[in-house]
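*Asks:* Provided below for reference: sequence and predicted model.
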Amino acid sequence: MQKKPAANELQRLINATRNSLAGYRQVYRDEAAFRFQCVLLLCIVPLAAWLARSLTEAALLIAVWLLVLLAELGNSAIEAAIDRVSEARHPLSAKAKDAGSAMVMTAMIIAALVWLAVLLDRFV
């Protein structure tokens, strides 16, 4: 059964926010990797505040880790959709899941490069 469409833009925004928060809760509950990345984010925020020499630099250090969380959310969505269709092994399912994993790895590489650049600027 399909949900009734929102009566106005404010209601649509409220519904979208509710769905987004439900997505965060479900992924946090079901995915150990996402929980681990969230814990790392809690460590990164004060470290970024200490390390950064400007608000822009601090925002960049935090934002690149949020990019990792974004990739974890996307990977979880891909895995859930593939598992919903079938849990049987199939080359296309493996391709989709591997691509989702590569997305997370790419985001982590970007984050590491940004952190490395800031560390080098600060201490070298």
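*Replies:* Thanks, I have the structure now. Predicted, not measured: the structure shown is a model, and the values here were computed from it.
*Asks:* Name the residues of the longest helix seen in the chain that are buried.
*Replies:* Ranked by residue count, the top helix of the chain under DSSP state H comes out as helix 91-123. For helix 91-123, burial by neighbour count (16 or more other CB atoms under 10 Å) applies to S93, A96, G100, M103, V104, A107, M108, A111, V114, W115, V118. The way it works is simple: take the backbone N, C-alpha and C, and place the C-beta from them, glycine included.
*Asks:* ok, of these, which one's closest to L51?
*Replies:* Nearest to L51 among those: V118, at 6.3 Å, using CB to CB.
*Asks:* right, and that closest one touches E57 too?
*Replies:* Yes - between V118 and E57 there is a contact under CB atoms under 8 Å: 6.1 Å.
*Asks:* intersection of neighbour lists for the two?
*Replies:* Taking CB atoms under 8 Å, 6 or more residues apart in numbering as the contact rule, V118 and E57 both touch L51.
*Asks:* before we move on, back to that, pick the one among the buried residues of helix 91-123 closest to Y28.
*Replies:* Distance to Y28 across those (CB to CB) is lowest for V104, with 15.6 Å.
*Asks:* Give me the nearest residue to the closest one, chain neighbours excluded.
*Replies:* A71 (4.4 Å; CB to CB, 6 or more residues apart in numbering).
*Asks:* try S86
*Replies:* S93 (7.2 Å).
*Asks:* list the contacts for that neighbour?
*Replies:* I82, V85, S86.
*Asks:* The first one: neighbour count?
*Replies:* By other CB atoms under 10 Å, 18 other residues sit near I82.
*Asks:* how far away is the closest residue to it other than its chain neighbours from A81?
*Replies:* With CB to CB, 6+ apart as the criterion, I82 has its nearest non-adjacent residue at 4.8 Å, and that residue is S93. Per CB to CB, to the nearest Å, S93 is found 10 Å from A81.
*Asks:* Out of the contacts of S93, name the ones that lie in helices.
*Replies:* Those of these lying in helices (DSSP H): I82, V85.
*Asks:* Thank you, goodbye.
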